[in-house]
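Asks: let's see this in three dimensions:
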Amino acid sequence: MENQINEKIRNAKRIVLKVGTSTLTYSNGNLNFSLINKLAWVMSDLKNQGKEIILVSSGAIGVGSKKLNFKTRPTEIREKQAAAAVGQVELMHIYQNFLGEYGQRIAQILLTKDDFKEGERKTNTYNTLDTLLSLGIIPIINANDTISTFEIEFSDNDRLSASVASLIKADLLIILTDIDALYDSNPKTHKDAKRIPYVKEVTDEILQMGGEKGSEFSVGGMETKLLAARECYENNVMMAILDGSDPSYISDFIFGKDIGTIFDCK
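Replies: The predicted structure follows:
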């Protein structure tokens with residue numbers, strides 16, 4: 001079973017990567033340029049291997065909050081939306097600069113939950129993503145926080161990444177986070193917490209292992225990642241949670257290193 005799973009991961013062609021605010025930024029809310037550069041290198045290397053890459057990136061509200069000199073993440077919806085509008089420009093500029101250094105072309109796509117409902121918008125979303133991938137473009141996706149309050153309150157894009165992976169029929173979704181895997185208890189408060197390397201299906205018992213939200217400038221927590229894993233399972237997409245502090249772990253994981261947590265698909 002283990003060999004079959006490793007082979008499936010290694011052969012994954014269409015991969016969605018999700019990076020959260022707490023991974024992209026330092027604890028003070030400033031962007032971690034070194035990490036973003038490494039992430040750009042890893043994505044480019046995977047592209048050179050013939051894989052298709054989609055990046056779901058959080059961080060617009062966090063980056064915009066710093067740009068607007070907010071001391072903490074804003075609590076009012078209108079301020080969050082303003083921060084998202086400012087931060088999204090900054091994020092895309094940075095991604096374009098770093099990925100451009102490795103010869104990659106990018107596209108920006110902002111989505112809301114309505115883009116995943118059955119109908120014309122869902123079809124158009126799929127067609128756009130599929131066409132971009134066929135042209136060798138790396139789509140960079142974020143929730144359209146400036147017009148949809150649902151996405152702001154929903155999660156730190158964990159569920160969005162699962163919806164994207166499901167829609168585009170991805171082989172693998174990798175969520176990068178500030179905890180290196182799913183544990184049987186919170187490793188930040190329990191020294192005896194044990195890593196769970198493999199989950200066949202996200203049951204109610206597994207869901208109860210979700211902990212608190214992330215850093216001050218993010219809203220995602222383990223619970224939203226487990227809900228994302230359940231959505232992936234229901235749509236036959238394999239998912240993994242990995243430590244986001246070093247993007248090279250992505251390549252290590254794909255080529256068989258026993259790290260993170262794998263969530264199997266049907």
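
Asks: for this protein, which segments count as helices?
Replies: In the chain, the helices defined using DSSP state H lie at 2-10, 21-24, 33-48, 60-67, 77-101, 120-134, 149-154, 158-167, 204-207, 222-234, 248-254.

Asks: format the ones you listed as CSV; extra columns: mean pLDDT and mean neighbour count.
Replies: Any C-beta I mention is one placed from the backbone N, CA and C, and that applies to glycine too. Output for the helices of the chain, formatted as CSV (pLDDT from 0 to 100; neighbours: other CB atoms under 10 Å):
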stretch, mean pLDDT, mean neighbour count
helix 2-10, 89, 13
helix 21-24, 88, 26
helix 33-48, 98, 18
helix 60-67, 90, 24
helix 77-101, 94, 18
helix 120-134, 97, 14
helix 149-154, 55, 16
helix 158-167, 95, 25
helix 204-207, 87, 11
helix 222-234, 92, 23
helix 248-254, 97, 18
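
Asks: save those as CSV, and put in distance to residue 264 too.
Replies: Compiled in CSV, the helices of the chain are given as follows (distance: least, CB to CB, whole Å):
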stretch, distance to residue 264
helix 2-10, 7
helix 21-24, 24
helix 33-48, 22
helix 60-67, 32
helix 77-101, 31
helix 120-134, 24
helix 149-154, 25
helix 158-167, 14
helix 204-207, 12
helix 222-234, 7
helix 248-254, 15
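
Asks: tell me which of those sits nearest to residue 188.
Replies: helix 222-234 (10.8 Å; CB to CB).

Asks: list the contacts of the closest one.
Replies: Helix 222-234 has contacts (CB atoms under 8 Å, 6 or more residues apart in numbering) with 155-156, 158-159, 161-163, 165-166, 173, 175, 177, 179, 182, 199, 201-202, 206-207, 209-211, 238-239, 241, 263-266.

Asks: how far does stretch 129-147 sit from the chain's center?
Replies: 13 Å (CA atoms, centre = their mean, to the nearest Å).

Asks: need the residues that contact that stretch.
Replies: So stretch 129-147 is contacted by 14, 43, 47, 52-61, 80-81, 84-85, 88, 91-92, 95, 99, 104-112, 151-152, 154, 157, 160-161, 164, 167-168 (CB under 8 Å, 6+ apart).

Asks: now do stretch 31-40
Replies: 17, 19, 23-26, 59, 63, 94-95, 98-99, 101-102, 104, 244-248.

Asks: hmm, try it at 7 Å
Replies: 19, 24-26, 63, 94, 98-99, 102, 247-248 (CB atoms under 7 Å, 6 or more residues apart in numbering).

Asks: export those as TSV, with columns for distance to residue 76.
Replies: Formatted as TSV, the contacts of stretch 31-40 follow (distance: CB to CB, whole Å):
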residue	distance to residue 76
19	26
24	23
25	21
26	25
63	18
94	26
98	32
99	33
102	39
247	34
248	39
